[in-house]
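show me the folded form of this:
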Amino acid sequence: MRWIMFLCATLILSVLVPVVGSAQSKGDANAGKAKYDTLCVGCHGKTGKGDGPAAASLNPKPQDHSDGKTMNSLSDKYLFDIIKDGGASMKKSPLMPAWGKTLKDQDISNVISYIRSLANPPYKPGK
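Numbering: from 1, shown residues only. Predicted coordinates:
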């Protein structure tokens with residue numbers, strides 16, 4: 001009986017561990033920068049300070065991605081959801097578009113990785 005339980009546990013772990021590992025995989029900040037420069041700079045600015053060309057006419061103003069105190073407190077899931085589903089989905093500005101139909105999930109992870117690189121103080125992921 002123990003042998004069967006051990007075999008079942010081993011089988012379950014062999015299936016779940018790769019799934020859990022892939023969910024925690026990091027994005028590629030360089031690839032994320034390319035998408036950010038195309039889709040986000042207009043509002044968030046080249047350095048992520050929320051000072052892009054369109055920002056002057058927006059109310060509320062775009063988030064300052066370089067503000068590490070604020071950005072470092074936001075989870076990757078929160079950032080993923082707001083990028084994918086838009087600001088209104090997270091009870092934030094409805095002016096933040098939903099990029100889920102434009103970007104693949106990996107693209108969004110890449111953008112998050114790039115956004116994390118803008119934070120000052122630098123982002124330190126939880127352990």
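
nearest residue to the residue positioned nearest the centre of the chain in space, please, no chain neighbours.
Residue closest to the average C-alpha location in the chain (C-alpha atoms, centre = their mean): residue 112, at 3.3 Å. In space, and not counting its chain neighbours, residue 112 is closest to residue 79: 4.9 Å by C-beta to C-beta, 6 or more residues apart in numbering. Bear in mind the C-beta positions are built from the backbone N, C-alpha and C, glycine included.

test my guess that residue 42 contacts residue 51.
No - counting by C-beta atoms under 8 Å, residue 42 does not reach residue 51; the two are 10.9 Å apart.

contacting residues around stretch 88-105?
Residues outside stretch 88-105 that contact it (C-beta atoms under 8 Å, 6 or more residues apart in numbering) are 35, 39, 43, 58, 60, 62, 78, 80-87, 108, 111.

rewinding a little: residue 42 and residue 51: which is more packed in?
Legend: neighbour count by other C-beta atoms under 10 Å for residue 42 and residue 51, higher for residue 51 (17 against 13).
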